[in-house]
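*Asks:* coordinates only, no sequence provided:
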């Protein structure tokens, strides 16, 4: 049973990438829809297995670490596998309708989409540092290819900038891995954590952790290393932007978070944790302010990603030398923030793509009159905005509420100011778009009306991010599923 | 100074040189070469550092082989993108074109 689930999660995306490489765009759509069905079923199956038996280690092909690839399947990993299944299915479905099948190079969308998905699954399940690196590179290279699908010189400039930033980040991470291996002789995260718990941390392991976290923050676009993100996410096709903002940046953050939670208590320091938190706060304020200043609709959404990613890095100070309960609250808050931002931002990018398709221009002023003639797409956009503003009962609200409690519980009250300021600033940029769209300038309906399926998908995602606040207990219970220690190395 | 430390230090120096080149050189091809130098530095650290455990350690050597494959894939992708970018814009740097100076070579 487990064998089939693992094969489904890791092998089928690769197989589908090769299959769709042989087809044109229209055939690729059919092949992909079958593959999406397989992925959704397998992800649900994995969830059921973990809920029944608890988490476990799985050696790929029967080879255990250090020779084989060892996967760590726990509640958190399953949460992200499920999130990926939801968001990637929605984006794949949307892309099948949205992307013009008559341009020859668009047929490469499907292989890149599947390589991206396999990389994501590999990162969620990866248990050792080097295979996480390989998964990250798979994600980055396919994401860069997806951005370059725009085909214009500006899209290529954005994708080259993205590629160089991503490669620099990976190398910094890999150098950290090399130093860590040199000191501990182990690549498994759990193995290094055990060694650290028994012995004092050797000199230089702080440098290794710093290199890894810096490289991963560059890939996650933490302020001030965020400059590559807005051009790449803004210029890509809307389903691609949705994938990049909702999932790709979360993959590198997920690794950084797991490293911090495992090693931070022994090799981290209070100053480092506060510094990362400070940079995250600066990202919240500066990203929101730049989002407010943009003239292009998709640039607003892209800068809003920079701001929302900033919240995630509050994990570092809120879990360093605090009580168990506060640390758990912070972890739950961050997980909910990742999920709600993933759903809301995917909805927002897809809805923005529909709006741009309708008005024929990416500028915000061009939205005048949209509220009267195209209320559907605007409604999804606004609903996703409500989650970003973190108003109750959205998932964004519950996430910030947990973070607020964790900040007060750990006595680090200064992060509360960041949470409040971020909410207000995001309200400012969402309302600016609403204001533009409520102007009643054109008297007649001169807009293109996108097919209904394009409008339904962002609405579903936005409703999910809204409902996350109501079902947060259930979602968090998946994350907290017990881990079976029997199979631990 | 032991031999393994010497390898690691040489790797660190290569990493630093590549980092400087990647950040400071404007030409895209030079940036790509700098990335490859950085990568070599990392591989040197990776193979060199764990050698003090009684002879060569086989695991990092296998890892570096995988790392080289990844680096080649990344380099190939970068070269393809750069070629296409040069075709479309006639530029070899990532600077934004100023509005009055239209890029030449546009098809």
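*Replies:* Perfect, thanks for sending it. It should be emphasised that the depicted structure is a prediction, and the values quoted were computed from it without experimental measurement.

*Asks:* from residue B:21, how far out is the residue minimising distance to the centre of chain B?
*Replies:* Most central in chain B under CA atoms, centre = their mean is residue B:35, positioned 1.5 Å from the mean C-alpha point. Distance of residue B:35 to residue B:21, given as CB to CB, to the nearest Å: 8 Å. Placement of C-beta: from N, CA and C, glycine included.

*Asks:* now swap in residue A:20 and tell me
*Replies:* 37 Å.

*Asks:* out of these two, which sits in the more crowded spot?
*Replies:* A direct count of neighbours by other CB atoms under 10 Å in any protein chain shown for residue A:20 and residue B:21 places residue A:20 higher, at 26 against 19.

*Asks:* skipping its backbone neighbours, what lies nearest the more buried one in space?
*Replies:* residue A:110 (3.6 Å; CB to CB, 6 or more residues apart in numbering or on different chains).

*Asks:* one more: residue A:23?
*Replies:* That would be residue A:31: by CB to CB, 6+ apart, it lies 6.0 Å from residue A:23.

*Asks:* list the contacts of the one you found.
*Replies:* For residue A:31, the contacting residues are A:16, A:19-20, A:23, A:110, by CB atoms under 8 Å, 6 or more residues apart in numbering or on different chains.

*Asks:* those into a markdown table, with extra columns for secondary structure?
*Replies:* Putting the contacts of residue A:31 into a markdown table (DSSP: H, G, I helix; E, B strand; the rest coil) gives the following:
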| residue | secondary structure |
| --- | --- |
| A:16 | helix |
| A:19 | helix |
| A:20 | helix |
| A:23 | coil |
| A:110 | helix |
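
*Asks:* so which of the residues you listed sits lowest on pLDDT?
*Replies:* Minimum pLDDT for the contacts of residue A:31 is recorded at residue A:23 (88).

*Asks:* can you count the residues close to that residue?
*Replies:* 16.

*Asks:* which one is the one residue in the stretch 151-300 of chain A that gets nearest to chain B nearest to, not counting chain neighbours?
*Replies:* In the stretch 151-300 of chain A, the residue that lies nearest chain B is residue A:182 (3.3 Å; CB to the nearest CB). Using CB to CB, 6+ apart and skipping residues adjacent in sequence, the residue nearest residue A:182 is residue B:49, 3.3 Å away.

*Asks:* tell me who's in contact with residue A:479.
*Replies:* Going by CB under 8 Å, 6+ apart, residue A:479 touches A:75-76, A:79, A:332, A:335.

*Asks:* so where do the strands sit in the stretch 151-300 of chain A?
*Replies:* Using DSSP state E, counting those that start in this stretch, no strands are assigned anywhere in the stretch 151-300 of chain A.

*Asks:* for residue A:150, phi and psi?
*Replies:* Main-chain dihedrals, residue A:150, degrees, to the nearest 10: phi -60, psi -30.

*Asks:* any idea how far it lies from residue A:157?
*Replies:* From residue A:150 over to residue A:157 (counting by CB to CB), the distance is 10 Å.

*Asks:* the more surrounded of these two?
*Replies:* residue A:157 (25 against 18).

*Asks:* the lowest-mean-pLDDT helix or strand in chain A: which residues count as buried?
*Replies:* Here the helix or strand of chain A ranked lowest by mean pLDDT, DSSP states H and E is helix A:370-373, holding a mean of 78. Neighbour counts over helix A:370-373 (16 or more other CB atoms under 10 Å in any protein chain shown) mark A:370-372 as buried.

*Asks:* stretch A:266-279 now?
*Replies:* Per 16+ other CB under 10 Å, stretch A:266-279 contains these buried residues: A:266-268, A:272-273, A:276-279.

*Asks:* near chain B too, which of the residues you listed?
*Replies:* Among the buried residues of stretch A:266-279, proximity to chain B is found for none (CB under 8 Å from any CB of the partner chain).

*Asks:* relative to residue A:40, which of those residues is nearest.
*Replies:* Using CB to CB, residue A:276 comes nearest to residue A:40 of the buried residues of stretch A:266-279, at 35.0 Å.

*Asks:* thought the closest one was touching residue A:214?
*Replies:* No - here residue A:276 does not reach residue A:214: they are 9.7 Å apart, not a contact under CB atoms under 8 Å.

*Asks:* how much space is there between residue A:146 and residue A:335?
*Replies:* Distance from residue A:146 to residue A:335, by CB to CB: 26 Å.

*Asks:* hang on, the earlier thing: can you tell me which of the contacts of residue A:479 is closest to chain B?
*Replies:* So of these, ranked by how close each gets to chain B (CB to the nearest CB), first place is residue A:76, at 25.7 Å.

*Asks:* let me know how buried the closest one is, in neighbour terms.
*Replies:* 22.

*Asks:* now it: closest residue in space, sequence neighbours ignored.
*Replies:* residue A:479 (5.3 Å).

*Asks:* would you mark the buried spots in stretch A:354-361?
*Replies:* Buried residues in stretch A:354-361, counted by 16+ other CB under 10 Å: A:354-359.

*Asks:* out of the residues you listed, which are inside helices?
*Replies:* Among the buried residues of stretch A:354-361, the ones falling in helices (DSSP state H) are A:354-359.

*Asks:* from those residues, which two are the most distant?
*Replies:* A:354 and A:359 (9.9 Å).

*Asks:* is it true that the residue of the stretch 151-300 of chain A closest to chain B touches residue B:45?
*Replies:* Yes - applying CB under 8 Å as the test, residue A:182 and residue B:45 come out as touching, 7.4 Å apart.

*Asks:* nothing else from me, thank you.
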